[in-house]
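Novice: let's see this in three dimensions:
(chains A and B)
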There are 2 protein chains.
Amino acid sequence: MSEPTLLVLDAAPPPRLGRLTGRVRIRSVDEAGLAAELPHADALLVWDFTSDAVRAAWPGDGPRPRWVHTASAGVDRLLCPELAGSDTVLTNARGIFEQPIAEYVLGLVLAFAKDVPGTLELQHRRRWHHRESEQLAGTRAVVVGAGPIGREITRLLDALGVQVALVGRTARRTIHGADDLDRLAALADWVICAAPLTERTRGMFDARFFGLMQPSARFINVGRGPMVVEDDLADALRRRWIAGAALDVFQHEPLAAGSELWDVPDLIVSPHMSGDTVGWRDRLGEQFVEMYERWAAGEPLPNVVDKRRGYVPSPDVPGSPERR
Amino acid sequence: MSEPTLLVLDAAPPPRLGRLTGRVRIRSVDEAGLAAELPHADALLVWDFTSDAVRAAWPGDGPRPRWVHTASAGVDRLLCPELAGSDTVLTNARGIFEQPIAEYVLGLVLAFAKDVPGTLELQHRRRWHHRESEQLAGTRAVVVGAGPIGREITRLLDALGVQVALVGRTARRTIHGADDLDRLAALADWVICAAPLTERTRGMFDARFFGLMQPSARFINVGRGPMVVEDDLADALRRRWIAGAALDVFQHEPLAAGSELWDVPDLIVSPHMSGDTVGWRDRLGEQFVEMYERWAAGEPLPNVVDKRRGYVPSPDVPGSPERR
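Specialist: So this is what the prediction gives:
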């Protein structure tokens, strides 16, 4: 049997793939070359997860990779009807980003509660101005997205004494269904989006939603940009419908220098970095190598995306009482 | 029996004292009037805890209050040999500041780990610049000060997966003794000071100490300013002996507009606000009223300061194995 061909869509070569030397033919490809190479590949590693070239290049009914892995949690950039309808297995990088993103969210929450931006601004002006800050314990959060990232955010907030409601697509055990979101958002001090981008979640955070939130509440998005109607958020902040927001993801990335979002009041803009802690590329490379070895051995793969729903379905939270 | 006289040293009147109306004669006094009033008071509430007037005004062997309560955790500003040597009972505001300060420290730690200052600065310049941040879980912290504030900081960091060593004056159970501090500081990613200011702790964080720390480590002080030799810290940051620091307390407060500390690189300066969350004055007032009622009824008071040591001794941490 000949070596399988692994196609790697990358901007820079992935680390840790040396372990596969001699067992697989690895071919690097850029976006322009992808369509020509796809029919000849057994597996595709989407290392440049900012690319949406897979969607355009995917070879309908023709020969195609049997396995596609993306070095990201979200699969929205590559999932297309043809890939969804095929028997190609799609996997993601579940397990790499949970802890970093949850820590990042907590850092943003505490930056708001303790007014870190105000402190830095006053320091810059050499002004000693004592303010009262907010106690985090006892506040209420809604975490939208019941996958492993949303669950880790929930775990950390809970450890700090925040009352957290976790919202998924459908209610199960301790997870609230999407039909509960409006009611919960109206009571929340924090609304945190860590959901996958799907046709159901696109544009869900709009003027109507921000209008439901409390004027003292803040909104944080570490999911995907297109879930938020950015103009509506900017408007909600300017009209003081809500007290603050932080976006780590945007409709168009990188955010253009001319975007109005950079200086909307009480909005923190960060460059899609919440999950990327020192060593993350190595961890993504190691994860892929382990998955490749399973795949080559014919073993079942972890992190398989439900291509119809657009994410890796989570098992119910263990150890929790049945909710309905 | 006549009503006791409660003297209140305040800049603004304390809230919640109305509940005592008719049971106590309350006299407000400012710093200048304190010496004349002290001999006629049964109890003294140091509501303006930024004042060090008590030390100067304390009436040696003469008539004096039988009880002094300060609306603060630290008692360094009022403790003097005459007060320490007298039979006057001194109490503090233990119970009010633990959670807010621990949250504040966690906010600073995450601000460093996730580079919140860098994000805000880049946002101001409308620059999209992706950086790798640091994962907090798995890092090591040393918390100096084994009282309730240090313990709450320890609890929160531990919940986030940080390996924390708690250092007190003497080793007991899970608490390390001060003689272990140098060894622990040399291994730490975070050194956090939440200790009381005493003759043992004054100036303890100096060039020698910062020289022990790792170049990647950060130092945070939410205790009292004079524990840190400020020039040494500024020097250590400029020479990159350590990677960052945050000071919420200073040798002289408010920090003068001309102080060099405002723009030392990688130093966050905040105006002694870590414990002061919305409602804190009400909570301090309520705590005092409850303590007053005990005192008036002849019941034992909580939060009694060991005036020789300069803080309220903590019981051993329950449920922990004996360390030595």
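Novice: quick one: contacts for A:Phe288?
Specialist: Each residue near A:Phe288 by Cβ atoms under 8 Å, 6 or more residues apart in numbering or on different chains is listed here: A:14, A:16-17, A:45, A:69, A:71. Glycine gets a C-beta too; all of them are placed from N, C-alpha and C.
Novice: kindly apply the preceding question to A:Val54 instead.
Specialist: Applying Cβ under 8 Å, 6+ apart, we find A:Val54 in contact with A:9, A:34, A:44, A:46, A:68, A:77-78, A:80, A:83.
Novice: then A:Val144?
Specialist: With contacts defined as Cβ under 8 Å, 6+ apart, the neighbours of A:Val144 are A:150, A:167, A:181, A:191-195, A:223.
Novice: what are the phi and psi values at it?
Specialist: Dihedral angles phi and psi of A:Val144 (degrees, to the nearest 10) take the values phi -100, psi 120.
Novice: what's opposite it in the beta bridge?
Specialist: With DSSP bridges as the criterion, A:Val144 is bridged to A:Val167, A:Cys193.
Novice: now A:Val164: how far from A:Thr154?
Specialist: Applying Cβ to Cβ, to the nearest Å, the value for A:Val164 to A:Thr154 is 5 Å.
Novice: and those two? Which one has more around it.
Specialist: Using other Cβ atoms under 10 Å in any protein chain shown, the more surrounded residue of A:Val164 and A:Thr154 is A:Thr154, with 24 against 21.
Novice: quick one: the more buried one and A:Gly147 touch, right?
Specialist: No. The criterion here is Cβ atoms under 8 Å, and A:Thr154 misses it with A:Gly147 at 10.9 Å.
Novice: what about the residue nearest the centre of chain A, distance to A:Cys80?
Specialist: The centroid of chain A falls nearest to A:Gly223 when counting by Cα atoms, centre = their mean (3.8 Å). Computed with Cβ to Cβ, the distance linking A:Gly223 and A:Cys80 is 20 Å.
Novice: same question, A:Leu212
Specialist: In this structure, A:Leu212 and A:Cys80 are separated by 33 Å, where distance is defined by Cβ to Cβ.
Novice: got it, and A:Asp48?
Specialist: Between A:Asp48 and A:Cys80 the distance is 17 Å, computed by Cβ to Cβ.
Novice: between the two, which one's more packed in?
Specialist: Each of A:Asp48 and A:Cys80 had its neighbours counted (other Cβ under 10 Å), and the higher figure belongs to A:Asp48 (21 against 17).
Novice: was I right to think the more buried one contacts A:Ser28?
Specialist: No. Taking contact to mean Cβ under 8 Å, the distance of 10.3 Å between A:Asp48 and A:Ser28 leaves them out of contact.
Novice: so what sits against both of the two?
Specialist: With contacts taken as Cβ under 8 Å, 6+ apart, the residues that reach both A:Asp48 and A:Ser28 are A:Asp10.
Novice: okay, and which of the contacts of A:Phe288 map to strands?
Specialist: Secondary structure assignment by DSSP state E places A:45, A:69 of those in strands.
Novice: the stretch 51-200 of chain A against chain B: which residues are in contact?
Specialist: A:99-100, A:103-104, A:106-108, A:110-111, A:113-114, A:116-117, A:119-120, A:122-123, A:126-137, A:156, A:159-161 (Cβ under 8 Å from any Cβ of the partner chain).
Novice: okay, and which of those residues map to strands?
Specialist: Among those, no member lies in strands (by DSSP E).
Novice: PyMOL command for the buried members of these?
Specialist: Here is the PyMOL command that selects the buried residues among those (16 or more other Cβ atoms under 10 Å in any protein chain shown):
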select buried, chain A and resi 99+100+103+104+106+107+108+110+111+113+114+116+117+119+120+122+123+128+133+134+135+136+156+160
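Novice: that'll do, ta.
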